[in-house]
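Attaching a predicted model along with its sequence, questions to come.
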Amino acid sequence: MTTHQHIIDRGPFKGMVETITNNPHPAKTARCYMCAEPLKASSSWMSLVGDHQDGVYTARFLCPLCARERLNGIPDEAERCWNYTQAAQSGPRITKILAYLIFWCGLVTAGGTFLFLIFLLLKNLF
């Protein structure tokens, strides 16, 4: 039995450990998680995603081709969707931060101008 472990660095399971092993599956109707190809018990691989305390969150079967992709670091569909979602949110997030910064700079400038005008008025009155 061959086993490979790596820490997932992106996607919804970021920071968890994925263990990929060529364990034969017990079910006769199992399909590959990534490509939905019907699996043969002799050539299937299993992917277990869990934390560092041996808690398993998901177990999925892979065909040899998809297992090779996972071992080479190619993301699966859930990780791709997560990456696209995060990339799509980065633009509006920067815009919000810049708008917040400009708002507070304007507020501080307006407050300083108001105080300057009050002190100028007081100086001229007395």
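Okay, I see it.

pLDDT below threshold where in this structure?
Counting by pLDDT under 70, the chain shows low-confidence ranges at 1, 24-29, 52, 54, 75-80, 82-91.

what about the residue positioned nearest the centre of it, which SS state?
Per C-alpha atoms, centre = their mean, the C-alpha nearest to the average position across the chain is that of G11, at 3.3 Å. Three-state assignment for G11 (DSSP: H, G, I helix; E, B strand; the rest coil): coil.

Summarise which helices and strands the helix or strand containing L98 is packed against.
Using DSSP states H and E, L98 sits within helix 77-125. Applying 3 or more C-beta pairs under 8 Å, 6 or more residues apart in numbering; DSSP states H and E, one finds that helix 77-125 contacts no other helix or strand. The C-beta positions use only the backbone N, C-alpha and C, and glycine is treated the same way.

From the chain's centroid, how far away is that helix?
Going by C-alpha atoms, centre = their mean, to the nearest Å, the spacing between the C-alpha centre of helix 77-125 and its chain's C-alpha centre is 27 Å.

related to what we said a few turns ago, for R70, see how far away the residue nearest to the centre of the chain is.
12 Å (C-beta to C-beta, to the nearest Å).

Over to R93?
From R93 to R70 the distance is 30 Å (C-beta to C-beta).

the more surrounded of those two?
A side-by-side neighbour count of R93 and R70, using other C-beta atoms under 10 Å, places R70 first with 20 against 10.
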